[in-house]
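[1] Build me a model:
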Amino acid sequence: MKQHTRRGLVLCPAFRIAKVVAIALLLHGQTSSIARATSLHAPAVVLFATDSTEIDPVTFGEIQRLLADSHTKQKARFLVQCYADSVGSDRYNFALSERRCKTVRDALVDGGIASNRIETLAHGEHELNVPTGDNVAEQANRKAVITWTWD
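    Model prediction:
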């Protein structure tokens, strides 16, 4: 997967797609709330150890940064997308990604974000950041990507 950067930040595909859709809707005169939700921010990325739902302490600061940045935006909406590396079965890795989503969601709620403003999406070992063979432990693939917008 090709990574795109802006000012040194790696932009995830979901962030790029959401921004392109919002801009396209604006250019075509759409006035829906989706089109107005153009305030997109660089995603927060947190990492996990192999077979773990515990957020890596080094990257937990990304959640704290996101909470600080979004504190004044009461209508902010969040999307948490979680991934696993290729160690284990597809089924197991999907369930692990779901548990990672819950961990990140809980951290956001503990930080003051209302749970009804958070959506989660588990990917399992699909859409790997670093393409690998089966049963390869790769930390860059064990992640949660949190994007947020507001009206």
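[2] Surely Glu98 is in contact with Cys82?
    Yes. Counting by C-beta atoms under 8 Å, Cys82 is a contact partner of Glu98 at 7.4 Å. Every residue, glycine included, has its C-beta placed from N, CA and C.
[3] Looking at those two, which has the bigger crowd around it?
    Just comparing Glu98 and Cys82: by other C-beta atoms under 10 Å the higher neighbour count belongs to Cys82, 28 against 17.
[4] Tell me which helix or strand that one sits in.
    Assigned by DSSP states H and E, Cys82 belongs to strand 77-83.
[5] outside of that strand, which residues touch it?
    12, 14, 37, 70, 97-98, 100-101, 104-105, 108, 113, 117-129, 141-150 (C-beta atoms under 8 Å, 6 or more residues apart in numbering).
[6] mind listing what the closest residue to Gly124 other than its chain neighbours touches?
    In space, not counting the residues next to it along the chain, Gly124 is nearest to Phe94; the distance is 3.5 Å by C-beta to C-beta, 6 or more residues apart in numbering. By C-beta under 8 Å, 6+ apart, the contact set of Phe94 is 84, 122-125.
[7] just Asn116 next, same as before
    Asn116 neighbours (C-beta under 8 Å, 6+ apart): none.
[8] part of a strand, is it?
    No. Under DSSP: H, G, I helix; E, B strand; the rest coil, Asn116 sits outside any strand and is assigned helix.
[9] For Lys73, see how far away it is.
    15 Å (C-beta to C-beta, to the nearest Å).
[10] what about Leu67, helix or strand, and which?
    helix 60-70.
[11] Going by contacts, tell me the helices and strands next to that helix.
    Packed against helix 60-70, as judged by 3 or more C-beta pairs under 8 Å, 6 or more residues apart in numbering; DSSP states H and E, are the following elements: strand 44-47, helix 90-110, strand 143-150.
[12] can you give me the angle that helix makes with helix 90-110?
    50 degrees (axes from the mean of the first three to the mean of the last three C-alpha atoms, to 10 degrees).
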